[in-house]
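> Return a 3D structure for these sequence lines:
(2 chains)
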Amino acid sequence: GAVVSQHPSRVICKSGTSVKIECRSLDFQATTMFWYRQFPKQSLMLMATSNEGSKATYEQGVEKDKFLINHASLTLSTLTVTSAHPEDSSFYICSASPLVEKLFFGSGTQLSVL
Amino acid sequence: GQQVMQIPQYQHVQEGEDFTTYCNSSTTLSNIQWYKQRPGGHPVFLIQLVKSGEVKKQKRLTFQFGEAKKNSSLHITATQTTDVGTYFCAGLRETDSWGKLQFGAGTQVVVTP
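Coordinates of the predicted model:
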């Protein structure tokens, strides 16, 4: 199946700093990628849809200025958590697909803000 | 609020037993997908159901899509320790573009040998 790579897998940062998470489609081109947030033992909450060459589409309640998304190429989308605070600590995961059928997920990034 | 409800949230099963997890949507879905997430891992696609009343089987797993396309179920027979993980249903509303799946809360499955 298709491979979606996500880095870093784990990051610890100080409050007030920004953190960038990368999501790459390794063996296919993805005009659309999806970013989710998952709290412990909870479901995946869709944060935004990343569109190559255009602005991301954010879900209701998700702050655009806090979670910056850049989809500059057909294989790379980045999520930057700006001025991170402890409440931003969470598991962030991306997905993409070469098919209109099923999603392939990255391995996720565990963000801990001190 | 959450559009797709999934129960139970937690299932403790004795090895060899059967169990079922259920998913209900407040709106009609164009399709529903099921994913499995192992502890510490990421969700992995299991199956997609598209047709009303559709039933699909994967070895010991049986997936069903309701006639009204608002509910779905996953039934696992003769549970094994390899079935441990969290099972998520994810529905695509008819009004949403592909990929904008609404995930259920998941059913965390623990298997006792």
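
> going forward, measure contacts between C-alpha atoms and count neighbours the same way
OK.

> Now do the strands in chain A.
Chain-ordered strands for chain A, with DSSP state E as the definition, fall at A:4-7, A:10-13, A:19-25, A:32-38, A:44-51, A:57-58, A:67-73, A:76-81, A:90-96, A:104-105, A:109-113.

> Could you dump the ones you listed into a markdown table and include distance to chain B, mean pLDDT and mean neighbour count?
Formatted as a markdown table, those follow (distance: least, C-alpha to the nearest C-alpha, whole Å; pLDDT from 0 to 100; neighbours: other C-alpha atoms under 10 Å in any protein chain shown):
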| stretch | distance to chain B | mean pLDDT | mean neighbour count |
| --- | --- | --- | --- |
| strand A:4-7 | 11 | 95 | 21 |
| strand A:10-13 | 12 | 96 | 14 |
| strand A:19-25 | 14 | 96 | 22 |
| strand A:32-38 | 8 | 94 | 22 |
| strand A:44-51 | 6 | 92 | 23 |
| strand A:57-58 | 11 | 94 | 16 |
| strand A:67-73 | 16 | 92 | 19 |
| strand A:76-81 | 16 | 96 | 22 |
| strand A:90-96 | 8 | 94 | 25 |
| strand A:104-105 | 6 | 92 | 24 |
| strand A:109-113 | 10 | 96 | 20 |
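
> So what touches stretch B:14-27?
Contacting residues not belonging to stretch B:14-27 are listed as B:3-8, B:13, B:70-81, B:89, B:91, B:93, B:104, B:107, B:111-113 [C-alpha atoms under 8 Å, 6 or more residues apart in numbering or on different chains].

> what separates that stretch from the chain centre, distance-wise?
7 Å (C-alpha atoms, centre = their mean, to the nearest Å).

> Now do the end-to-end distance for it.
34 Å (C-alpha to C-alpha, to the nearest Å).

> ditto for stretch A:106-114
Stretch A:106-114 has an end-to-end distance of 24 Å (C-alpha to C-alpha).

> Narrow the contacts of stretch B:14-27 to those in strands?
Among these, DSSP E puts B:4-7, B:13, B:71-76, B:89, B:91, B:93, B:107, B:111-112 in strands.

> on that earlier part again, mind giving me the ChimeraX select for the contacts of stretch B:14-27, buried ones only?
The buried residues among those can be selected in ChimeraX (16 or more other C-alpha atoms under 10 Å in any protein chain shown) with this line:
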select /B:4,5,6,7,13,70,71,72,73,74,75,76,79,80,89,91,93,104,107,111
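
> Within reach of chain A, which of the contacts of stretch B:14-27 are there?
Near chain A, judged by C-alpha under 8 Å from any C-alpha of the partner chain, the entries from the contacts of stretch B:14-27 are residue B:104.

> For the closest residue to chain A within chain B, which non-adjacent residue is spatially closest?
When scored by C-alpha to the nearest C-alpha, chain B has residue B:105 as its residue closest to chain A, at 4.4 Å. Closest residue to residue B:105 apart from its sequence neighbours, by C-alpha to C-alpha, 6 or more residues apart in numbering or on different chains: residue A:43 at 4.4 Å.

> swap in residue B:25?
residue B:4 (4.5 Å).
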